[in-house]
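Q: Sequence first, predicted coordinates after that:
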There are 4 protein chains.
Amino acid sequence: MSDSKKKIYVGVIGAGHCTQKLRKLSAEVGEEIAKAGAILVCGGLDGVMKGAAQGAKSEGGTTIGILPGTDKSEANEFIDYVVCSGFGEARNLIIIRTADVVIALPGMFGTLSELGFALKLKKPVVSLGSWDIDDKVIKAENAKEAVKLALKKVRQ
Amino acid sequence: MSDSKKKIYVGVIGAGHCTQKLRKLSAEVGEEIAKAGAILVCGGLDGVMKGAAQGAKSEGGTTIGILPGTDKSEANEFIDYVVCSGFGEARNLIIIRTADVVIALPGMFGTLSELGFALKLKKPVVSLGSWDIDDKVIKAENAKEAVKLALKKVRQ
Amino acid sequence: MSDSKKKIYVGVIGAGHCTQKLRKLSAEVGEEIAKAGAILVCGGLDGVMKGAAQGAKSEGGTTIGILPGTDKSEANEFIDYVVCSGFGEARNLIIIRTADVVIALPGMFGTLSELGFALKLKKPVVSLGSWDIDDKVIKAENAKEAVKLALKKVRQ
Amino acid sequence: MSDSKKKIYVGVIGAGHCTQKLRKLSAEVGEEIAKAGAILVCGGLDGVMKGAAQGAKSEGGTTIGILPGTDKSEANEFIDYVVCSGFGEARNLIIIRTADVVIALPGMFGTLSELGFALKLKKPVVSLGSWDIDDKVIKAENAKEAVKLALKKVRQ
């Protein structure tokens, strides 16, 4: 069996445009995912998605970006494998379905929508400063803890 | 031009299974939508969707149900026009995109996801006891007020 | 039960831009669908979709248009109920899934794709000069025969 | 930039269940794709999809499988990266949109639907014994030639 098939897919969701501070936090999350040997799944564009992918690549990880559109060049340069869904915002559902666990960073209504959908699908969700909407969302204090809690949930 | 094309489409979202009380509230919302001459768009299944459709039909209104699956018979008996999306939960996005304005009733994470998506798309949202997540959501006290506020928003 | 729920949904597929002759043929198909009391489901845009919808409305029928985009005003003026999928070409699948039977008029690769999908889903397909790809597609000589054969297939 | 981003994505479509002979042909196509350093994109399930993925892995290639469902374990064991679309047959569109070029092997109506969609999107298509529907489809005699023609088309 392909080794990568046994790997855990961690979805990272959050703002498409972000501050330097949030970008740094995203990168830390990506680094921890890569160090843990998990695969990063995200929306492939800018902001948190780019930060997380950059972090993952800096630690030799693997990144999958699922785009809303049909133009591969829209993916940020840290995405290894680009999927062009062509389904607009509905690509968020593909990210959540593909992820074994979701880490939510700060974001606006797109992130909220993904969070709701993750909870609907009963996927474990770890929040790192994201929407505080339900007790089912596990709260983490920092990137390291977020990834640790996420992986623990999947391995349960 | 077809008269119905000038009509307003009001999306109603909320729990797929619900109490008698919520069912009654949903029916009142449907009644008000029909009385106002607007078209009800919903997910076509049970709970709030069925209540709202029943209410709309009781006042001679028109109802569209957009199903997650592919089996038309899954639609409740108060749906006039059934669309079988086959896109699972992603059909929520079609409801939101088709609606000119959304009225959110109490519901769980599916409703939260739709709310997030409606806000993301900048559709006006009126909440009648639904998730309290953002100031952009207009709050209503009862069905009559909810529909009144919703239609006012579209006509602005 | 809502009367319209017992109605048959006939999907009409074909070219998005067409000659006057094909437009006329589409209109005849729409007329026959309306006369038979069935509901027309189509892509809601121009060409065969517009012709069929115009024909259906000229006979007092009901028309549903499922758009690829998110802008209701893109629907032609003969569409009664507009659904904005926002899924691009994937909206073709929603048309096929919603239709009880499909009538295929001449068209290019989009039509071919819909035909393939209809056959994949085991929906009955009647061709009126469309792609000649498989014996499962029933051939008709004119609009009247096409609609007659289509309805016969559903009622079997 | 991530090296894999510069790589060519070759979509392989064909029957979900197949004879030993077709399985072998699919494997040869996968081998050639891997030897050429391109990435294989397919539907991730059985038949041609499995044959092609097995061939690609035997030559150290990379394989992406885009599933119709939501259960990662449905992917065949030769898929490196699994995407769970949850969109049923509409996942075919994601395969076509993600591929830079498509190689079509024998298959039934699902394959026909993908072929039509690929042509609609103006993606180059190479046929290796698949549906003979249009002059725009480039015909190949064997796996080696199919991959050679496919890559030539992308590099034009």
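A: Yes, it's here. Numbers count the residues shown, from 1 in each chain, chains lettered A, B, ... in the order given.
Q: Output stretch A:60-73 in PDB with nothing but the alpha carbons.
A: Extracted as PDB, the C-alpha positions of stretch A:60-73 are listed here (Å, rounded to 0.1, in the frame of the first residue of the first chain):
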ATOM      1  CA  GLY A  60       9.500  19.100   4.300                       C
ATOM      2  CA  GLY A  61       5.800  18.300   4.500                       C
ATOM      3  CA  THR A  62       3.200  17.700   1.800                       C
ATOM      4  CA  THR A  63       0.500  20.100   0.900                       C
ATOM      5  CA  ILE A  64      -2.800  19.700  -1.000                       C
ATOM      6  CA  GLY A  65      -4.700  22.800  -2.200                       C
ATOM      7  CA  ILE A  66      -8.300  22.500  -3.300                       C
ATOM      8  CA  LEU A  67      -9.200  25.600  -5.300                       C
ATOM      9  CA  PRO A  68     -12.600  27.100  -5.800                       C
ATOM     10  CA  GLY A  69     -11.800  27.900  -9.500                       C
ATOM     11  CA  THR A  70     -10.400  26.100 -12.500                       C
ATOM     12  CA  ASP A  71      -7.100  27.900 -12.900                       C
ATOM     13  CA  LYS A  72      -4.200  26.000 -11.400                       C
ATOM     14  CA  SER A  73      -2.000  29.000 -11.300                       C
END
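Q: mind checking how far that stretch is from the chain centre?
A: The offset between the C-alpha centroid of stretch A:60-73 and the centroid of the whole chain comes to 12 Å, using C-alpha atoms, centre = their mean, to the nearest Å.
Q: That one and chain B in contact?
A: No - legend: contact between stretch A:60-73 and chain B by C-beta under 8 Å from any C-beta of the partner chain is lacking; minimum distance shown is 11.5 Å. The C-beta positions use only the backbone N, C-alpha and C, and glycine is treated the same way.
Q: quick one: low-confidence ranges for chain A?
A: Scanning chain A with the threshold set as pLDDT under 70 gives A:1-5.
Q: Contact residues of it facing chain B?
A: Counting by C-beta under 8 Å from any C-beta, chain A sits next to chain B at A:87-90, A:93, A:108-117, A:119-121, A:131, A:133-134.
Q: Weed out the non-buried ones from those residues.
A: Under a neighbour-count criterion of 16 or more other C-beta atoms under 10 Å in any protein chain shown, the subset of the residues of chain A next to chain B counted as buried comprises A:87-90, A:93, A:108-117, A:119-121, A:131, A:133.
Q: Restricted to helices, list the residues you listed.
A: The helices in this structure, assigned by DSSP state H, contain A:93, A:109-117, A:119-120 from those.
Q: Save those as a markdown table, and put in distance to A:Ala36 too.
A: Compiled in a markdown table, these are given as follows (distance: C-beta to C-beta, whole Å):
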| residue | distance to A:Ala36 |
| --- | --- |
| A:Leu93 | 25 |
| A:Phe109 | 30 |
| A:Gly110 | 26 |
| A:Thr111 | 23 |
| A:Leu112 | 27 |
| A:Ser113 | 27 |
| A:Glu114 | 22 |
| A:Leu115 | 22 |
| A:Gly116 | 26 |
| A:Phe117 | 24 |
| A:Leu119 | 23 |
| A:Lys120 | 26 |
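Q: which one of those residues sits closest to chain D?
A: Chain D lies nearest to A:Leu93 out of these, by C-beta to the nearest C-beta, at 6.4 Å.
Q: can you pull the contacts of that closest one?
A: A:117, B:88-90, D:86 (C-beta atoms under 8 Å, 6 or more residues apart in numbering or on different chains).
Q: Next SSE downstream of the host helix or strand of A:Ile96?
A: A:Ile96 belongs to helix A:91-98 when assigned by DSSP states H and E. Scanning forward in sequence from helix A:91-98 by DSSP H and E, the next helix or strand is strand A:101-104.
Q: what about A:Gly37, distance to chain D?
A: Counting by C-beta to the nearest C-beta, to the nearest Å, the separation of A:Gly37 from chain D is 14 Å.
Q: what ranges do the strands span in chain A?
A: For chain A, applying DSSP state E gives strands covering A:9-13, A:39-42, A:62-67, A:81-84, A:101-104, A:125-127, A:138-139.
Q: So which of those strands is nearest chain C?
A: Ranking these by their distance to chain C (criterion: C-beta to the nearest C-beta) puts strand A:81-84 first, at 11.1 Å.
Q: residues in contact with the closest one?
A: Counting by C-beta under 8 Å, 6+ apart, A:44, A:62-67, A:69-72, A:75, A:94, D:4-5, D:9, D:39, D:62, D:64, D:66, D:81, D:83, D:94, D:97-98 sit against strand A:81-84.
Q: if you set the cut-off to 6 Å instead, what comes out?
A: Residues lying outside strand A:81-84 but in contact with it, judged by C-beta atoms under 6 Å, 6 or more residues apart in numbering or on different chains, are A:64-67, A:70, A:72, A:75, D:64, D:81, D:83, D:97-98.
Q: For ChimeraX, write the selection for the buried entries among these.
A: Those of these that meet the burial criterion (16+ other C-beta under 10 Å) are gathered into one ChimeraX selection, given here:
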select /A:64,65,66,67,70,72,75 /D:64,81,83,97,98
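Q: Among the contacts of strand A:81-84, find me the one that's closest to C:Lys152.
A: Lowest distance from C:Lys152 to those (C-beta to C-beta) belongs to D:Arg97, with 37.6 Å.
Q: Pull the most distant pair out of the contacts of strand A:81-84.
A: Using C-beta to C-beta, the two most remote members of the contacts of strand A:81-84 are A:Thr70 and D:Tyr81, lying 19.2 Å apart.
Q: Report the buried residues of stretch A:43-51.
A: Neighbour-count burial for stretch A:43-51, counted by 16+ other C-beta under 10 Å, picks out A:43-45, A:47-51.
Q: Output it as CSV - backbone C-alpha positions only.
A: Backbone C-alpha positions of stretch A:43-51 (Å, rounded to 0.1, in the frame of the first residue of the first chain) are rendered in CSV as follows:
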residue,chain,number,x,y,z
GLY,A,43,-8.0,25.9,0.1
GLY,A,44,-4.8,26.6,-1.7
LEU,A,45,-5.1,30.4,-1.9
ASP,A,46,-3.7,33.3,0.2
GLY,A,47,-3.8,34.2,3.9
VAL,A,48,-4.0,31.4,6.4
MET,A,49,-3.9,28.9,3.5
LYS,A,50,-0.6,30.2,2.2
GLY,A,51,0.9,30.6,5.7
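Q: can you tell if that stretch touches chain D?
A: No - when contact is scored as C-beta under 6 Å from any C-beta of the partner chain, no part of stretch A:43-51 falls within range of chain D; the minimum is 10.6 Å.
Q: what's the spacing between that stretch and its chain's center?
A: Distance, centroid of stretch A:43-51 to centroid of chain: 9 Å (C-alpha atoms, centre = their mean).
Q: Not counting it itself, show me its contacts.
A: By C-beta under 6 Å, 6+ apart, the list of residues contacting stretch A:43-51 reads A:14-18, A:23, A:26-27, A:42, A:65, A:67, A:75-76, A:79, A:105.
Q: Let's see the ChimeraX selection covering just the buried ones among these.
A: Here is the ChimeraX command that picks out the buried ones among the contacts of stretch A:43-51, judged by 16+ other C-beta under 10 Å:
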select /A:14,15,18,23,26,27,42,65,67,75,76,79,105
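Q: Out of the contacts of stretch A:43-51, list just those in helices.
A: In helices, judged by DSSP H, the following of those are found: A:23, A:26-27.
Q: Spell out which residues of chain A are next to chain C.
A: Neighbours of chain C within chain A, by C-beta under 6 Å from any C-beta: A:86-88.
Q: any chance of these in a markdown table, plus distance to A:Ala34?
A: Supplementary listing: those in a markdown table, determined by distance: C-beta to C-beta, whole Å:
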| residue | distance to A:Ala34 |
| --- | --- |
| A:Gly86 | 28 |
| A:Phe87 | 27 |
| A:Gly88 | 29 |
